[in-house]
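Participant: sequence below, structure please.
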Amino acid sequence: MNYTLNVIARWFVGLVFLFSSFSKGVDPLGTAFKVQEYMTAWSIGSWTFEWALPLANFLSVALICAEFVVGVLLITGCFRRISAWMLAAMMLFFTVTTLIDAITNKVTDCGCFGDALKLTNWQTFWKNVVLDVPTVWIFMTQRLRYRRRFERDMIVLIAATALMVGFEIYNINNEPCIDFRDWKVGKRMIETDENLQLKSYMTYRNKATGEEVEIETKDWMAYQDETVWELTGSRVVDPHEIKADGFSMLDMDGNDMSVDMLSSPDYLLIATLPNPDLKKMNAKGLRALKSVSQFAMDHDIEMVVLASALAEDVQSFLYDNGLEMDFYGADEKAILVMARAMPAFVLMKDGVVMGKWHYRNFRKIMDYDFDD
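Facilitator: Below is the predicted model of the structure:
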């Protein structure tokens with residue numbers, strides 16, 4: 001019975017670890033940004049962690065890989081003692097970290113499941129508490145019916161490490177193979193139907209039961225009995241707003257042109273430059289930007305640059321590299337949600353994301369059927 005419970009516990013925790021590592025492994029840069037957020041927000045007295053910011057990418061890859069390897073070892077039963085100790089150490093770290101997060105709220109989202117699943121800080125903490133129970137059992141019963149098979153276990157360990165590291169490197173050098181973010185290909189980012197109208201909603205709370213209901217404002221008469229219902233909030237939904245928090249496309253005069261640009265019925269190719277230091281664009285990225293710009297010009301496709309740098313810096317950059325195109329300003333984080341690379345290319349039409357490419361894959365833009 002003890003061994004059976006050990007197997008069940010190992011599979012339960014192992015599957016959670018595999019899902020968690022995979023959801024982060026499709027976008028290691030996103031996890032690196034989260035690591036940087038922790039380093040910036042946390043401190044111990046006067047000692048901060050900002051000195052470790054350059055290590056964020058390495059720590060992201062290492063953390064994701066360690067989580068995946070522990071999950072594989074738990075499920076396969078390889079290196080049972082080592083995996084039990086690694087699991088205990090990781091769960092202790094995760095539990096303490098998320099408890100501090102829940103109390104202080106310095107980092108509002110731990111990114112435990114990447115962008116695939118969002119949890120509040122308290123939900124994340126209690127999730128870890130639930131995982132702590134089988135973790136303790138796995139640790140206590142690690143020696144039950146364990147036969148050491150070093151060669152087999154080493155093969156599983158090496159294979160799992162190589163598989164996840166390779167998977168992460170691929171997703172770093174390309175756009176994530178599975179996109180959990182707002183700007184995924186095929187998603188409509190803005191409604192272009194002019195017949196759609198604003199909708200307003202009101203939230204009422206039942207004073208006796210505490211039940212909350214949200215209704216359209218036009219149905220407000222049914223909830224006007226103040227002895228039963230209490231108005232607690234309201235909101236307005238504009239169907240013509242961009243479906244991405246904090247996104248904008250600011251022109252030289254500070255006007256937000258995002259709605260006009262993205263709702264165009266024609267193709268719009270956006271080159272994203274998230275890093276405010278444009279000098280950090282490497283040679284391959286610059287060649288890709290020039291090639292795509294020339295392609296767009298030759299085929300009469302509107303192409304613009306979306307950058308987080310200062311307007312005068314963008315102007316100088318475009319002029320120095322012989323690039324003739326309009327440019328718009330946006331927040332660095334908003335651009336990184338859109339695409340990760342420097343540069344990346346996002347193709348829009350009629351408010352829909354039609355395609356997205358890392359600069360390493362810019363030649364695929366030339367193969368896209370723009371006549372469709």
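Participant: what pairs with the helix or strand of the chain with the lowest mean pLDDT, and is each one parallel or antiparallel?
Facilitator: Counting by mean pLDDT, DSSP states H and E, the chain has its least confident helix or strand at strand 43-44, which shows a mean of 75. Here strand 43-44 is paired, per DSSP bridges, with strand 47-48 (antiparallel).
Participant: any residues touching the partner strand, and which ones?
Facilitator: When contacts are defined by Cβ atoms under 8 Å, 6 or more residues apart in numbering, strand 47-48 is touched by residues Met39, Trp42. Glycine gets a C-beta too; all of them are placed from N, C-alpha and C.
Participant: with stretch 157-165 instead?
Facilitator: Outside stretch 157-165, the residues that reach it (Cβ under 8 Å, 6+ apart) are Ser21, Gly25, Val61, Ile64, Cys65, Phe68, Val69, Val72, Leu73, Cys78, Phe79.
Participant: just name the closest of those to Ala339, please.
Facilitator: Nearest to Ala339 out of the contacts of stretch 157-165 is Gly25 (Cβ to Cβ; 18.2 Å).
Participant: hmm, the closest one is touching Phe68, no?
Facilitator: Yes - between Gly25 and Phe68 there is a contact under Cβ atoms under 8 Å: 6.8 Å.
Participant: so those two - more neighbours on which side?
Facilitator: Gly25 (27 against 24; other Cβ atoms under 10 Å).
Participant: any idea how far the more buried one lies from Leu306?
Facilitator: 27 Å (Cβ to Cβ, to the nearest Å).
Participant: find the residue at the geometric middle of this structure.
Facilitator: Computing the C-alpha centroid of the chain and ranking residues by Cα atoms, centre = their mean puts Asp115 first, at 4.0 Å.
Participant: these two touch, right, that one and Gly30?
Facilitator: Yes - using Cβ under 8 Å, Asp115 makes contact with Gly30 at a distance of 6.4 Å.
Participant: give me the common contacts of the two.
Facilitator: Residues within reach of Asp115 and of Gly30 at once, by Cβ under 8 Å, 6+ apart, are Arg181.
Participant: pull the contacting residues for Ile190.
Facilitator: Ile190 neighbours (Cβ under 8 Å, 6+ apart): His240, Glu241, Ile242, Lys243, Val259, Leu262, Ser263, Gly351.
Participant: out of the residues you listed, who has the most neighbours?
Facilitator: Among those, the one with the most neighbours (other Cβ under 10 Å) is Leu262, at 23 neighbours.
Participant: where does the prediction get shaky in the stretch 1-150 of the chain?
Facilitator: Within the stretch 1-150 of the chain, the segments meeting pLDDT under 70 span 144-146.
Participant: picking up where we left off before, and the contacts of stretch 157-165, which are buried?
Facilitator: Buried members of the contacts of stretch 157-165, counted by 16 or more other Cβ atoms under 10 Å: Ser21, Gly25, Val61, Ile64, Cys65, Phe68, Val69, Val72, Leu73, Cys78, Phe79.
Participant: quick one on the thing from earlier: need the contact list for the closest residue to the residue nearest to the centre of the chain other than its chain neighbours.
Facilitator: Counting by Cβ to Cβ, 6 or more residues apart in numbering, Asp115 lies nearest to Phe180, which is 3.7 Å off, once chain neighbours are set aside. By Cβ under 8 Å, 6+ apart, Phe180 lies in contact with Ser23, Val26, Asp27, Gly114, Asp115, Ala116.
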